[in-house]
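Undergrad: I would like the atomic coordinates for the input below:
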Amino acid sequence: SELPTLAIGKFKEAIAIYPDYAVAEGLLAVTLEANLDHEEALPHYLRDLEIQLEASEYTYSPEPHATPLGMVELLTGVTNLRAYTLDDAQGHLTWLDGLLQKGYESPHAYYNRGRTLLKLGRIGEGETAYRKSLELEPTFLGVRYLGELLRKTGRHGEALALYDLHSRADGWYPAERAEFLLRRADAELGVDPTKTLESIETARPLIPSMTTEQTFRFSWIWAQAMLETMPADPGGRAEVLDKVQAELGGAFNRFNEANDLTYSARYALVNIFVETGSYEELIDTAEEMLNYRPAPVLRTRLAAAYGALGEYDKAIDNWTGAAAELVDEDGAPIDRESLLTARRGLLQSLTAAGRTDEIPAAFTGWHALAGGQDPWTLSLEADWYAGQGNLDMAVERAQELASKHPEITEAAGLVAQLETWQA
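TA: Below you'll find the predicted structure:
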């Protein structure tokens, strides 16, 4: 589209006519950044800030909530751009310190200073800046960033106290209060899931004021707590699984973006589908997840589901894909147990599909991938031949494993067992 280019040209014409036109500088910066011209966008953001700060004589005063291209949005946006996207945290820190030296004692300047210090690895100084921000004026982002730091540094109790304090304070918009309640409940998950079920209910009256993303997180936090506190008896367990599946199904109807949050929730659904034998639902969910992020363990779940439905060719494709993703570029296992699971699944599916003529080549390929004779492949060969009733080949492979790899102590027992069957 030529529209961004046209818009950029018009904003530049406006600035040429009136050099102190802050709005034009800000809109030009936004357009350039959207066009991925990050380095060109930065000086225009800075000029917009400079014009507004000079007009206020570097005196901080609170501004209306979510003011477009206001100081809150600009300071946060410039920090994102300069300290993170352009990786110039030191330059940005120097600039922020210059604002403070000129008297701009703003909570927003301090929490963005904290974010910049964290980018430089100066955690303690970053925390001090966050706390200074809240001391000047409790702001939504100030509470959020300090809470995130407390949790990342393992201080869940302090994070809980912070969220609890500010969720009870006056002056927050309903969606902001809801955010603190959701973060408190999420922080409790790793400490006491039972208490999470109690605290998440305090956020329920605010659901009408929540964003769609917040309502999804409400359902996901509740679902995790329900799964963590699930009773052991089969009846109670089945009831919880039904409730969680229904809750998450409704949540996906409201919010269905592909991101890490929804990926985690879908993974929980996959585990539920495995337990309940809902293979069609599992396949639909897992296929959608793989489009967002390939994961070999998820692919094994998908392969097993296809196998359970008798769709062996699809099972074979997914077992093969999982096995390929579970070795590094040198052929070494990334996760040996998962790799063996994938290879066993492949052997079973090839056998069930009547494609046993492909199995010797698979064994040969696995040995070659390991750079020689692979003991774990020998073990799989012994297993598979025994399952096919070919005890002579099974014993031969087991003996080879025991003689060439005495470090695998189970090999001798396998030989003895197979020889007993053979006799």
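Undergrad: Going by C-alpha atoms from here, please, whenever you check contacts or count neighbours.
TA: Will do.
Undergrad: Could you give the number of residues near Thr420?
TA: Thr420: 9 surrounding residues under other C-alpha atoms under 10 Å.
Undergrad: In which helix or strand does it reside?
TA: For Thr420, the host element (DSSP states H and E) is helix 410-422.
Undergrad: try Gly310
TA: Per DSSP H and E, there is no helix or strand for Gly310.
Undergrad: before we move on, the earlier item: pLDDT of the helix holding Thr420, averaged?
TA: On average, the pLDDT along helix 410-422 is 69.
Undergrad: what ranges of the protein fall below the confidence cut-off?
TA: Counting by pLDDT under 70, the chain has low-confidence residues at 1, 409-411, 414-415, 418, 422-423.
Undergrad: Report the central residue of it.
TA: With distances taken as C-alpha atoms, centre = their mean, Asp260 lies nearest the centre of the chain, 3.6 Å away.
Undergrad: Please give the element, helix or strand, for Glu54.
TA: helix 38-55.
Undergrad: Just the buried residues of that helix, please?
TA: For helix 38-55, the neighbour count (16 or more other C-alpha atoms under 10 Å) marks 38, 41-42, 44-53 as buried.
Undergrad: What is the most widely separated pair among these?
TA: Greatest spacing in those, by C-alpha to C-alpha: His38 and Leu53 (22.5 Å).
Undergrad: Can you name the residues that contact Phe180?
TA: When contacts are counted by C-alpha atoms under 8 Å, 6 or more residues apart in numbering, Phe180 touches 144, 163-164, 166-167.
Undergrad: following the helix holding Glu54, which helix or strand comes up?
TA: Next along the chain after helix 38-55, taking DSSP H and E as the criterion, comes helix 71-79.
Undergrad: Run through the neighbouring helices and strands of the host helix or strand of Trp95.
TA: Taking DSSP H and E as the definition, one finds Trp95 inside helix 89-101. Judged by 3 or more C-alpha pairs under 8 Å, 6 or more residues apart in numbering; DSSP states H and E, the packing partners of helix 89-101 are helix 107-119.
Undergrad: hmm, who's touching the helix it packs on?
TA: Residues from elsewhere that reach helix 107-119 (C-alpha under 8 Å, 6+ apart): 72, 75-76, 79, 83-84, 89-90, 92-93, 96, 100, 123, 125-130, 132-134, 136-139, 141-142, 145.
Undergrad: can you do 7 Å?
TA: Contacts to helix 107-119, defined as C-alpha atoms under 7 Å, 6 or more residues apart in numbering, come from residues 72, 75-76, 79, 83, 89, 93, 96, 123, 125-127, 129-130, 132-134, 136-137, 142.
Undergrad: What is the distance between stretch 305-320 and the centre of its chain?
TA: Distance, stretch centre to chain centre, for stretch 305-320: 27 Å (C-alpha atoms, centre = their mean, to the nearest Å).
Undergrad: contacting residues around it?
TA: For stretch 305-320, contacts defined as C-alpha under 7 Å, 6+ apart pick out 279, 283, 299-300, 302-304, 342-343, 345-346, 349-350, 353.
Undergrad: Spatially, which residue comes closest to Ala258, not counting chain neighbours?
TA: Using C-alpha to C-alpha, 6 or more residues apart in numbering and skipping residues adjacent in sequence, the residue nearest Ala258 is Tyr292, 6.6 Å away.
Undergrad: And for Ile200?
TA: Ala185 (5.6 Å).
Undergrad: In this structure the one you found contacts Glu198, no?
TA: No - look at Ala185 against Glu198 with C-alpha atoms under 7 Å: they stay out of range, at 8.6 Å.
Undergrad: Of the two, which one has the most company?
TA: Ala185 (29 against 13).
Undergrad: what helix or strand is that one on?
TA: Assigned by DSSP H and E, Ala185 belongs to helix 174-189.
Undergrad: On the C-terminal side of that helix, identify the next helix or strand.
TA: Once the chain leaves helix 174-189, the next helix or strand it forms, by DSSP H and E, is helix 193-201.
Undergrad: elements contacting that next one?
TA: Here helix 193-201 touches helix 174-189, helix 212-228, going by 3 or more C-alpha pairs under 7 Å, 6 or more residues apart in numbering; DSSP states H and E.
Undergrad: got a markdown table for the ones you listed, with distance to Trp384 too?
TA: Listed next are the helices and strands packed on helix 193-201 as a markdown table, based on distance: least, C-alpha to C-alpha, whole Å:
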| stretch | distance to Trp384 |
| --- | --- |
| helix 174-189 | 44 |
| helix 212-228 | 37 |
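Undergrad: and Glu2, which of those helices is closest to it?
TA: Nearest to Glu2 among the helices and strands packed on helix 193-201 is helix 212-228 (32.9 Å), distances taken as C-alpha to C-alpha.
Undergrad: about what we covered before: quick check, nearest of the buried residues of helix 38-55 to Ala323?
TA: Ala323 lies nearest to His38 out of these, by C-alpha to C-alpha, at 40.6 Å.
Undergrad: Could you measure from that closest one over to His44?
TA: Using C-alpha to C-alpha, to the nearest Å, we find His38 at a distance of 10 Å from His44.
Undergrad: now do the same end-to-end measure for stretch 304-317.
TA: 11 Å.
Undergrad: what comes up buried for that stretch?
TA: Within stretch 304-317, the residues scored as buried using 16+ other C-alpha under 10 Å are 304-307, 311-316.
Undergrad: which one among these gets closest to Val395?
TA: Using C-alpha to C-alpha, Ile316 is the member of the buried residues of stretch 304-317 that lies nearest Val395, at 26.9 Å.
Undergrad: check which helix or strand covers that closest one.
TA: Ile316 is part of helix 312-325, with elements assigned from DSSP H and E.
Undergrad: What's the first helix or strand after that helix?
TA: Per DSSP H and E, the first helix or strand lying C-terminal to helix 312-325 is helix 336-352.
Undergrad: any idea of the angle the very next helix or strand once past that following helix forms with helix 336-352?
TA: Sequence-wise, the next helix or strand downstream of helix 336-352 (DSSP H and E) is helix 359-369. Interaxial angle, helix 359-369 versus helix 336-352 (axes from the mean of the first three to the mean of the last three C-alpha atoms, to 10 degrees): 160 degrees.
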